[in-house]
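Peer 1: take this sequence and fold it.
(one chain, ligands or ions: 1)
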Amino acid sequence: MIAEHVSQGYGHTSVLADVSIRLEAGTIALLGPNGAGKTTLLRTLATVQPLRGGRLEICGQDVHSERLARAARRSLGYLPQGFGYDPAMSVFDFVFYGAWVRGVPRAERTEDTNEALSYVGLADRAREKMGRLSGGMRQRAGIAWAIVGRPAIALLDEPTVGLDPEQRIDFRNLLRGLTGTAVLLSTHLTDDVDAVCDRVIVMDKGSIIFTGTTKELKTKDDGGPGNTSIERGYISLLAQGDRVA
Ligand SMILES: Nc1ncnc2c1ncn2[C@@H]1O[C@H](COP(=O)(O)OP(=O)(O)OP(=O)(O)O)[C@@H](O)[C@H]1O
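Peer 2: From the prediction side, this is the model:
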């Protein structure tokens, strides 16, 4: 996926300005303070919100019309923050519905749903109602929704929010297994970044202020506030932005 000079907003408010990114197989963290524009960027890349400016290419196809966006969604798994679900729906039906939304061919939907449920360790809970799952299991069902049919790209908006430490470790192991998928993971938690991400994008005030490897982010550590090298590197980048502004 390639996004070039993308701008986005709501009504008269401009949120993203001149954002360019390239996603390839591997896990990329999207870090940024509240209101930086992470959700807006993920929604834009997921083609939920049409571009205001710039260009979006998904799997080699320039997505400049609703028809092309619909076709591109076949290659995209998008898990919104606090995703909605019908509590009375079974886990199987929830993920199966994800396959339908994505346009997975009818003949492959059941097998793909079972595969995604096995992947996230919920095969034995397939008949359970969504409303009866624990927070961690519900989040795993969300991941199954996002990866059913093995999309080339998975866009996950704060998937570790509300998970306890053990569930977060589980989640990281799941992500490590998603080889071949380009995963963009929005998070506030810098330990998630160190544990599973190859690359990091840092956003602030609607712009990208850093793109690089986790190792490169650590070199921004200036010994200031923060508990880990990544956290200090991240905080120092945000502070530099504030000094320039
Ligand atoms: N539907 C909307 N209508 C108007 N403004 C919005 C809407 N959604 C988001 N915004 C504004 O866009 C800006 C970016 O919000 P966004 O949710 O993309 O940031 P974020 O980095 O995901 O924040 P958080 O970490 O809190 O989820 C904020 O100023 C927000 O108030």
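
Peer 1: partner residues bridging the most centrally placed residue in the chain?
Peer 2: Taking CA atoms, centre = their mean, the centroid of the chain lies closest to L156, which sits 2.2 Å from it. Applying DSSP bridges to L156 gives these bridge partners: L79, L185.

Peer 1: verify the stated contact: it with A146.
Peer 2: Yes: here L156 reaches A146: they are 6.2 Å apart, a contact under CB atoms under 8 Å. Backbone N, C-alpha and C define where each C-beta goes, glycine included.

Peer 1: what sits in contact with each of these two?
Peer 2: L79 (CB atoms under 8 Å, 6 or more residues apart in numbering).

Peer 1: pull the longest helix from this protein.
Peer 2: Criterion DSSP state H: the longest helix present in the chain is helix 229-244.

Peer 1: quick one: secondary structure of G9?
Peer 2: strand (DSSP: H, G, I helix; E, B strand; the rest coil).

Peer 1: beta partners of it?
Peer 2: Counting by DSSP bridges, G9 forms beta bridges with S14.

Peer 1: ok, L122 - contacts?
Peer 2: 91, 137, 140-141, 144.

Peer 1: list the contacts of the residue nearest to the centre of the chain.
Peer 2: L156 makes contact with 79, 143, 146, 183-186, according to CB under 8 Å, 6+ apart.

Peer 1: show me the contacts for the nearest residue to I58 once chain neighbours are set aside.
Peer 2: Nearest non-adjacent residue to I58, counting by CB to CB, 6 or more residues apart in numbering: A72, 3.9 Å away. Residues in contact with A72 (CB under 8 Å, 6+ apart) are 47, 58-59, 61, 63.
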